[in-house]
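1. Model the structure of this input:
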Amino acid sequence: MPEASSPEVGGLDSPLVRAASAAIVGTVVVAILYVGRDVLIPIALALLLSFVLAPLVGRARKLRVPRTPAVISVVLLAFVLLFGLSAMIAGQVGQLAADLPQYQSTMRDKAQSLRAATGGSRTLERAGDLLQSLGQELNAPTPQGETIGPDGKPLVDNRKSDQPLPVEIHNPPPTPMQNLQAIFEPLIHPLATAGIVMVFVIFILLQREDLRNRVMSLAGAHDIQRTTAALDDAAKRLSRLLLTQVAVNACFGVSIAIGLWLIGVPSAPLWGILGAVLRFVPYIGAVIAAIFPLILAASVDPGWTMFIWTAALFAVIEPIVGHVIEPLAYGRSTGLSPVAVVLAATFWTALWGPIGLVLSTPLTVCLVVLGRHVQALSFLDTMFGDRPSLTPPELFYQRMLVGDPAEAAEKAEEFLKERSLSTYYEEVALPGLLLASRDAARGALDDRRLATVRAAAHELVDDLDDWEDEDPSPPPLDKTTDSETIHAVEGTNAESSTAPLPVAPPPIVKVRCVGGRSQLDHAAAAISRQILVKHGVDATLEDEDFLSTSSVVELDPSGAPTIVLVVLLDPTEAHLRLAVRRAKRRAPQSVIVLGCWSTDEAETAGARKAGADAVGRSLTEVVSLCLDVGLPKSPAKTNPRPEVAVAT
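-> From the prediction side, this is the model:
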């Protein structure tokens, strides 16, 4: 009987077969996008327009306008606006073409001056020749039977009569119908596309819920409530993002048009509309939009004043819009990584041409948002999203492994712009040290790497010692724009992170912080000590040999009344009992608070039976327990020691 093929070698579930299947599917999808671009481009335009117009339809519905009239009126208004802009563009282009020959002398003068200054560059002179030839083609058609010379005048035939005359065949003059056909034929395809887009937008807005249900069935209907909420959230996010992007780019175009008009650049509305459209192309769109007005400004003005003012206009408005208005309008970011933006622009331009370049960012944003909410499409978020592929604790652990506390401190300071110091430790640093503890427990970390992680963690704690443990109030205007920090901030529990920790009133509470077992526990104890100090506690960090058998000597009874025993990972109940017993032998009168940050019930089962006076599973609990057992109690309280804390 032949042996079954191994999945790793040639089975249907082998990685090689899955990779080949994915490559085949990807190739088929790209081929469909390319071959069917005449059909898919109107559908893509309709989808994006539907996301933009959906909030406006919702506003009309709130005014008790029936659905069908609301959809039709909003769509017609949008297309009237688009056709008006198209007519304006056509008029501006015609006027610019008629005025081009007037600028050739200016370009020739500048070419000669630059040639004299630089030693022979003919770039601007060739540009002047190009403007001259273009003007002749547009405004000076050659009559039948005449030949026009370089000076624009008919050439005189001085040839001898005995030479043969050249014979030219001319088509008959076009008929009125042919003239109409020549005028309307280039408009048929754009008008047909616009009509198809309008019909698609109307039907998408009318059948929005039905389309959502069909997408939900394709994505998986095993959890209807969750899938519906995810798709609704994705649709709202996309609508808000695209509508905001349209508004921001429109403001950019209006500002450019007004500025160019004040400077005196011809066809200012044309360049404003072009700037608004090209700004959908990230990073390079505004640069491309600035090229044409700069060339025209250099052609119109005999000097360089208009050119300099035009360059200054784009150099001022683009940074203001990109770095001030956009972060305020978008909230955080579009959710795309810079590499994904460039790759998407290249991909869609190769498939669909210039319109693909304009649509690349909105289409990719749609894919990323769907990838974040639909499990079957999560690979899209991984490929194109700006979220880091590792979680914040994993990134913290990686930086500790390579001994780079400076970068970790930089990311922490970005986090502290919006959250408190204890929240950073609770959500990022301590879970990262817990990952290191698990690796050490299974033998994946040697002593050298453990020492590196411990030293880096202690250095990070020292770097953050100047920060107070409180949420920024009021929230800062310069919120972080770092994608990794945004991911970490959004992953925190807003209610728990904003809950203030208590501050110890006089008399000063004294606490000793001790690492339970490993070097990583000692680093976590240093974090606990720092947070306790921030809240008015006189906390000290004990050496690593505090619990060793050679150092088990009873402390002065007047010492610290509380010992915080920190263990990241609970090894066994016996080890914890031994550690608690040694701590009590060192300070018989002290209260033992066991700090355990593992969220695994199996890992913390022994912590409740280790004999400690209290167990805290968060910095908030540890601080509260230390204050509770360290302050004088009122006469009504008979039990000076708290019970074991309930895990949160």
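2. alpha carbons only for contacts and neighbour counts from here, please
-> Will do.
3. tell me the domain ranges of the protein?
-> In the assignment given by automatic domain parsing, the structural domains of the chain cover 39-137+184-206, 223-384, 388-500, 503-648.
4. now for these, which one comes closest to residue 25?
-> domain 223-384 (14.3 Å; Cα to Cα).
5. elements contacting the longest helix along the chain?
-> If you go by DSSP state H, the chain has its longest helix at helix 224-263. Contacts defined by 3 or more Cα pairs under 8 Å, 6 or more residues apart in numbering; DSSP states H and E place helix 224-263 against helix 37-62, helix 208-219, helix 268-278, helix 305-320, helix 326-330, helix 354-373.
6. Tell me which of these approaches residue 416 most closely.
-> Once these are compared by Cα to Cα, helix 326-330 is nearest, at 18.7 Å.
7. Please point out which parts of whatever helix or strand comes next after that closest one sit buried.
-> Sequence-wise, the next helix or strand downstream of helix 326-330 (DSSP states H and E) is helix 338-352. Neighbour counts over helix 338-352 (16 or more other Cα atoms under 10 Å) mark 340-342, 344-345, 347-349, 351-352 as buried.
8. Make TSV out of the helices and strands packed on helix 224-263 and add mean pLDDT, mean neighbour count and distance to residue 71.
-> Below are the helices and strands packed on helix 224-263 laid out as TSV (pLDDT from 0 to 100; neighbours: other Cα atoms under 10 Å; distance: least, Cα to Cα, whole Å):
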stretch	mean pLDDT	mean neighbour count	distance to residue 71
helix 37-62	86	18	6
helix 208-219	72	14	11
helix 268-278	87	23	25
helix 305-320	89	16	35
helix 326-330	69	17	26
helix 354-373	78	20	22
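9. For residue 292, find the nearest of those helices.
-> Across the helices and strands packed on helix 224-263, residue 292 has its closest neighbour in helix 268-278 (7.8 Å, Cα to Cα).
10. State the next helix or strand along the chain beyond the closest one.
-> Next helix or strand after helix 268-278 toward the C-terminus (DSSP H and E): helix 285-300.
11. I'd like to know which helix or strand in the protein has the lowest mean pLDDT.
-> Across the helices and strands of the chain, the lowest-confidence element by mean pLDDT, DSSP states H and E is helix 494-498, at a mean of 46.
12. Name the next helix or strand downstream of it, please.
-> strand 509-515.
13. got the CA positions of whichever helix or strand comes after that following strand in CSV?
-> Sequence order places helix 519-534 as the next helix or strand after strand 509-515, per DSSP H and E. What follows is helix 519-534 as a C-alpha-only set of coordinates in CSV (Å, rounded to 0.1, in the frame of the first residue of the first chain):
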residue,chain,number,x,y,z
GLN,A,519,16.0,38.9,36.2
LEU,A,520,12.8,39.9,34.3
ASP,A,521,10.9,39.9,37.6
HIS,A,522,13.4,42.3,38.9
ALA,A,523,12.8,44.6,35.9
ALA,A,524,9.0,44.4,36.6
ALA,A,525,9.7,45.3,40.2
ALA,A,526,11.6,48.4,39.1
ILE,A,527,8.5,49.4,37.1
SER,A,528,6.3,48.9,40.2
ARG,A,529,8.6,50.9,42.4
GLN,A,530,8.6,53.8,39.9
ILE,A,531,4.8,53.9,39.8
LEU,A,532,4.5,53.7,43.6
VAL,A,533,6.9,56.6,44.0
LYS,A,534,4.8,58.7,41.5
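14. Which strands or helices does helix 519-534 pack on?
-> Looks like helix 519-534 contacts helix 430-441, helix 447-463, strand 509-515, strand 537-541, strand 562-567, helix 619-630 (3+ Cα pairs under 8 Å, 6+ apart).
15. Redo these as JSON lines? Include mean neighbour count, distance to residue 323 and mean pLDDT.
-> As requested, the helices and strands packed on helix 519-534 are exported to JSON lines (neighbours: other Cα atoms under 10 Å; distance: least, Cα to Cα, whole Å; pLDDT from 0 to 100):
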{"stretch": "helix 430-441", "mean neighbour count": "20", "distance to residue 323": "33", "mean pLDDT": "86"}
{"stretch": "helix 447-463", "mean neighbour count": "19", "distance to residue 323": "29", "mean pLDDT": "88"}
{"stretch": "strand 509-515", "mean neighbour count": "25", "distance to residue 323": "45", "mean pLDDT": "84"}
{"stretch": "strand 537-541", "mean neighbour count": "21", "distance to residue 323": "43", "mean pLDDT": "85"}
{"stretch": "strand 562-567", "mean neighbour count": "27", "distance to residue 323": "44", "mean pLDDT": "84"}
{"stretch": "helix 619-630", "mean neighbour count": "22", "distance to residue 323": "37", "mean pLDDT": "79"}
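16. burial count for residue 259?
-> Counted with other Cα atoms under 10 Å, residues neighbouring residue 259 total 19.
17. Thought residue 313 was touching it, still the case?
-> Yes - the criterion here is Cα atoms under 8 Å, and residue 259 meets it with residue 313 at 6.9 Å.
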